[in-house]
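Q: What would the 3D arrangement of this be:
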Amino acid sequence: MRAGLSPPMAGCMAESLTDRLSNAQLRRLASLADTKDLDPHRTTVDELMHHIRALGDPKILRVTASATIGCSLR
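A: Presented below is the predicted three-dimensional model:
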């Protein structure tokens, strides 16, 4: 949520991400919460994915994109 997602979307994604990413990768993803550009009330999934892509870790991007799609369809 601190990275700009709604509470339901963040909760759904957390379930998938914690199963598929290492603790180090989860910490890198959590570092996005420090990004001042992300506002939980205005950030789009596209904007969040842009920031995730900038982390430079293909697995984080792949797992997060998959979780985003799955959670969006719920």
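Q: Could you list the buried residues of the lowest-mean-pLDDT helix or strand in the chain?
A: The weakest-scoring helix or strand in the chain, judged by mean pLDDT, DSSP states H and E, is helix 45-53 (a mean of 83). By neighbour count on 16 or more other Cβ atoms under 10 Å, the buried set for helix 45-53 is 45, 48, 51-52. Every C-beta, even on glycine, is put in place using the N, C-alpha and C of the backbone.
Q: How about the contacts made by the residue nearest the centre of the chain?
A: With distances taken as Cα atoms, centre = their mean, Thr64 lies nearest the centre of the chain, 5.6 Å away. Residues near Thr64 by Cβ atoms under 8 Å, 6 or more residues apart in numbering: 13, 17, 29, 49, 52.
Q: State the pair within the buried residues of helix 45-53 that is farthest apart.
A: Across the buried residues of helix 45-53, no pair lies farther apart than Val45 and His51, at 10.9 Å, counting by Cβ to Cβ.
Q: How about residues contacting stretch 14-27?
A: 29, 57, 59-60, 63-64, 66-67, 70-71.
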